[in-house]
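S.K.: Below are the sequence and a predicted model; questions follow.
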Amino acid sequence: MPTKELVLAPRTGTITSPGLVPGGWPGPGREPLLIRATARAGEARRAMSRVVHEVRYRPARRRTAKMVVLIPAHNEEASIGAMLNALLGQTRVPDRIVVIADNCTDRTEQIARRFRSVTVMRTVANTDRKVGALNQGWLRWQAGYDYVAGIDADTILAPDCLAQLEAELAVTPRPGGVMARYTFDQRLGATAMARLLIRMQRLEFASWTADALRRNRKTYVLGGQVSLFSNDALRAVAERNLTRGPWDTSAQVEDMQMTGDLRALRYSANVSVTARAYAGPMLTLRSLWAQRRKWDEGMSRLLVRSTLNKWTVTLWRQQLSLLSNGITRIGFIFLLTASLMVGQYKWNWLWVIPPAVAVLLNLKLAAKVPHRTPADLLYALLLIPVELYLIMRVCCATASWVNVLAGIKRDGWAHQARAEQGHSGGPGKILGALLAVALLVTATVYGWTHAPLFLQRDILTTGWAALALITALQTLMMILRLIRPSHGLRP
């Protein structure tokens, strides 16, 4: 059977190029150079577009504030290690920690140098104690930092203390400084007297902090235990006072003077509502007396040399409150004794109301003491320990004012340091004070018992009437504090 042959058309000539075989097809195993160059150019263009887009639309970078911590330390080997451990364990670790070793004769400096993240500096020819140490440390390290924290070497910070202080100061209009809420660790009391004194200090600081929180967090003193400052505000204080450092070397209460300077420049001075710190308590009556004498005498000298303004009015109000409390306690004891001595005392049940209200107020405060125990409530209920502590404070303030008004100058820092080390003021001074009190009491008793009957009657009538009026006003103030809401703020 005949078949048809397949007839192919003859090949025509084609133009060839490198990489192509005749007919225009790629050669085996080779890609066109033009396609490969175009693909690479496209990838480069897309990469460049991504870079341009990220640069153009990236979010604004937030500047992180820098913080330096200054720790003045004089013979603090017993507490500096625990303090630095707590500081390095903060959720907001400071950018620099500086321990300012001030004329140390113990192992404070050696212990601090064991911490690799801590800078240790020695003061040079410092005769101004803690204040001079702070100024030298600030002058050396403040450049380049936004916040400066001053912390005592025996203060233990809660883990989030610095983070909370920084967060509050960052949103405060015209920030000056903010301090933590202070309390004391009850476990530090090794003896019954030490535990009692710690409880009284805890109650006192809770009352003071609660009052500050009710005044829109405004405080008349940024406590030196731990406070965070705006460095711009500290520079403004130094420029205003024409000094090399912001802390006043002439003041025994440098933290109170600093607060006054900040408020004079319209900077804020607040108490934190969240940050917590545990200050070093006074464990003996001698050391507590020396500390409060330094504070009271420093405040008295500050008030004497300062003009009357909104800040000093708060200080005067605090002093007058302490004076009125002293007058009612001492006046009641004096009038009761004088009435019994001449057989002219008659009991009135109205005198039960003030101590009852005081007990309720103490219980309210004790219930808010951080880490309270049943013993805190018991001591508040008994009232006697609180009253004895208040009388001690009144006597301390009175002695301080007598010194100031008499022009007697004393080194409060040295007295407190000796008292904390267990050294007394000398048996001669103690015996002299006891002898003066004994002579005063003897003369008063003799003069009272030999006074005419009409004079005794007039003095008792006038004294009891005045005491009743002052006590009624104080009771009314206590009732107002008792019923005043705390708005959820805890001291």
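M.R.: That came in fine, so what should we check first?
S.K.: quick one, helices of the stretch 301-450 of the chain?
M.R.: 310-341, 353-368, 374-382, 384-405, 412-420, 427-449 (DSSP state H, counting those that start in this stretch).
S.K.: can you give me the angle the first one makes with helix 353-368?
M.R.: With axes from the mean of the first three to the mean of the last three Cα atoms, to 10 degrees as the criterion, the two stretches helix 310-341 and helix 353-368 enclose an angle of 130 degrees.
S.K.: Mind giving me the packing neighbours of helix 310-341?
M.R.: The contact analysis (3 or more Cβ pairs under 8 Å, 6 or more residues apart in numbering; DSSP states H and E) places helix 310-341 against helix 254-264, helix 285-305, helix 384-405, helix 427-449, helix 453-483. Any C-beta I mention is one placed from the backbone N, CA and C, and that applies to glycine too.
S.K.: any idea which of those is most buried?
M.R.: helix 254-264 (a mean of 23; mean count of other Cβ atoms under 10 Å).
S.K.: quick check, distance from that helix to the centre of its chain.
M.R.: Taking Cα atoms, centre = their mean, to the nearest Å, one finds the center of helix 254-264 at 14 Å from the center of the full chain.
S.K.: Quick check: what element follows it along the chain?
M.R.: Later in the chain than helix 254-264, the nearest helix or strand by DSSP states H and E is strand 269-278.
S.K.: That following strand to helix 254-264, inter-axis angle?
M.R.: Using the same axes, to 10 degrees, the inter-axis angle of strand 269-278 relative to helix 254-264 is 150 degrees.
S.K.: which residues touch strand 269-278?
M.R.: 155-158, 160-162, 164-165, 168, 172, 176-185, 209, 212-213, 217-220, 222, 225-226, 259, 262-263, 370, 489 (Cβ atoms under 8 Å, 6 or more residues apart in numbering).
S.K.: and these, which are buried?
M.R.: Among these, those scoring as buried are 155-158, 161-162, 164-165, 168, 172, 176-184, 209, 212-213, 217-220, 222, 225-226, 259, 262-263, 370, 489 (criterion: 16 or more other Cβ atoms under 10 Å).
S.K.: So which of those sit within strands?
M.R.: If you go by DSSP state E, these have 156-157, 177-183, 226 in strands.
S.K.: Asn126: which of those residues is nearest?
M.R.: Using Cβ to Cβ, Val226 is the member of these that lies nearest Asn126, at 21.7 Å.
S.K.: which ones are touching Ile483?
M.R.: Not one residue lies near Ile483 by Cβ under 8 Å, 6+ apart.
S.K.: weakest of the helices of the stretch 301-450 of the chain in terms of mean pLDDT?
M.R.: With a mean of 72, helix 412-420 has the lowest mean pLDDT of those.
S.K.: in the stretch 51-200 of the chain, which spans are strands?
M.R.: Ranges of strands within the stretch 51-200 of the chain are 67-73, 96-101, 118-122, 147-151, 156-157, 177-183, based on DSSP state E, counting those that start in this stretch.
S.K.: Show me what the fourth one is packed up against.
M.R.: Right, strand 147-151. Using 3+ Cβ pairs under 8 Å, 6+ apart: strand 147-151 touches strand 67-73, helix 161-170, strand 226-230, helix 231-241.
S.K.: chain center to that strand, what's the gap?
M.R.: For strand 147-151, the distance from its own C-alpha centre to the chain's C-alpha centre is 10 Å (Cα atoms, centre = their mean).
S.K.: Report pLDDT for the nearest residue to Pro355 once chain neighbours are set aside.
M.R.: In space, and not counting its chain neighbours, Pro355 is closest to Leu383: 6.1 Å by Cβ to Cβ, 6 or more residues apart in numbering. We have a pLDDT of 92 for Leu383.
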